[in-house]
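**Q** take this sequence and fold it.
(chains A, B, C and D)
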There are 2 protein chains.
Amino acid sequence: MSKQELEIVKPDGCCGTVSPAPLDAEQAVELATVFKALGDPVRLRLLSMIASREGGEVCVCELTPAFDLAQPTISHHLKLLRQAGLVDCERRGTWVYYWALPATLDRLAGFLRTSVNA
Amino acid sequence: MSKQELEIVKPDGCCGTVSPAPLDAEQAVELATVFKALGDPVRLRLLSMIASREGGEVCVCELTPAFDLAQPTISHHLKLLRQAGLVDCERRGTWVYYWALPATLDRLAGFLRTSVNA
DNA sequence: TCGTTGTATCGATGTTGGTCGATGCAACCT
DNA sequence: AGGTTGCATCGACCAACATCGATACAACGA
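**A** Got it, this is the predicted structure:
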């Protein structure tokens, strides 16, 4: 995706030298997928409702009526959160329960931390 | 945006009671705007290049040739990062310099932290 | 077994977003 | 002043996405 990874061509002598890109293209694609999953208000609230729950589990039957959206729409957003590795789910009898996966959240926090401390 | 904020109607007696939504709709919209800005590999790398820089400033003339994209495209991504409050810029003579705004990154990290610790 | 309920998937649709060429503007140089 | 370079904005195009109704599937109850 990048044109020149090692040999950076500067216009002339405008600024200092370039340190190697701190985030390669591959890592950026993976991270962006997760951030994109958080880039929607509905999904943010869904994740917040799931993660902030005592016991760590929430039934879909509680999540769906909390929004002014159709049921397939909520199901779609939950699927995106799942594909991003932010939550997982399990069917137990009639209902499906969702819980958060802290490892993925930690990964995002790690990126933000290194960016802040730079 | 939400149908019922206080009175949650549950199907019957499937699960426990609902704690108040930990992230209201308004906060979710604001946070999602910032996360959305990070939901693109190019912007993620741009921010990383800017934030991880000694001195904290990077000239646009260094950022543009680091990608296989047209100059207006990079300018567009930088604009989105600006509008999200993640970076700011200043023109000094011929060149424009960008730097990161840690406060916004901290805000995101705060959300992730509360979600992890729930 | 049949109807009912909870959830996911499918297909369609309107909107948003990434990308680019063309253009405009600002600052420098001669 | 005129030409050049760095960067932003504009307008257009195509892909991706959010949303919904219809439908399918799974589990339960009668």
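
**Q** when you work out contacts or count neighbours from here on, use the C-alpha atoms and nothing else.
**A** OK.

**Q** and the strands in chain A, which stretches?
**A** A:58-59, A:87-92, A:95-100 (DSSP state E).

**Q** closest to chain B out of the ones you listed?
**A** For those, the distance to chain B is smallest for strand A:58-59, at 7.0 Å, taking CA to the nearest CA.

**Q** hey, which helix or strand in chain A has the poorest pLDDT?
**A** Least confident element among the helices and strands of chain A, by mean pLDDT, DSSP states H and E: helix A:102-116 (a mean of 91).

**Q** packing partners of that one?
**A** helix B:41-51, helix B:102-116 (3 or more CA pairs under 8 Å, 6 or more residues apart in numbering or on different chains; DSSP states H and E).

**Q** deepest of those helices, which one?
**A** helix B:41-51 (a mean of 24; mean count of other CA atoms under 10 Å in any protein chain shown).

**Q** please save the CA atoms from that one in PDB.
**A** In PDB, the C-alpha atoms belonging to helix B:41-51 read as follows (Å, rounded to 0.1, in the frame of the first residue of the first chain):
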ATOM      1  CA  PRO B  41      -5.700   2.400   8.000                       C
ATOM      2  CA  VAL B  42      -4.300   5.500   6.300                       C
ATOM      3  CA  ARG B  43      -5.500   7.800   9.100                       C
ATOM      4  CA  LEU B  44      -4.200   5.400  11.700                       C
ATOM      5  CA  ARG B  45      -0.700   5.500  10.100                       C
ATOM      6  CA  LEU B  46      -0.900   9.300   9.700                       C
ATOM      7  CA  LEU B  47      -1.700   9.700  13.400                       C
ATOM      8  CA  SER B  48       1.000   7.300  14.400                       C
ATOM      9  CA  MET B  49       3.600   9.100  12.300                       C
ATOM     10  CA  ILE B  50       2.600  12.400  13.800                       C
ATOM     11  CA  ALA B  51       2.400  11.300  17.400                       C
END
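
**Q** once you drop chain neighbours, what's closest to the residue sitting nearest the centre point of chain A?
**A** By CA atoms, centre = their mean, chain A has its centre lying nearest to residue A:34, at 2.7 Å. Nearest residue to residue A:34, sequence neighbours excluded (CA to CA, 6 or more residues apart in numbering or on different chains): residue A:84, at 5.2 Å.

**Q** count of neighbours near residue A:57?
**A** Counted with other CA atoms under 10 Å in any protein chain shown, residues neighbouring residue A:57 total 20.

**Q** phi first, then psi, for it.
**A** Main-chain torsions, residue A:57, degrees, to the nearest 10: phi -130, psi 140.

**Q** now do it against residue B:64, distance only.
**A** For residue A:57, the distance to residue B:64 (CA to CA, to the nearest Å) stands at 45 Å.
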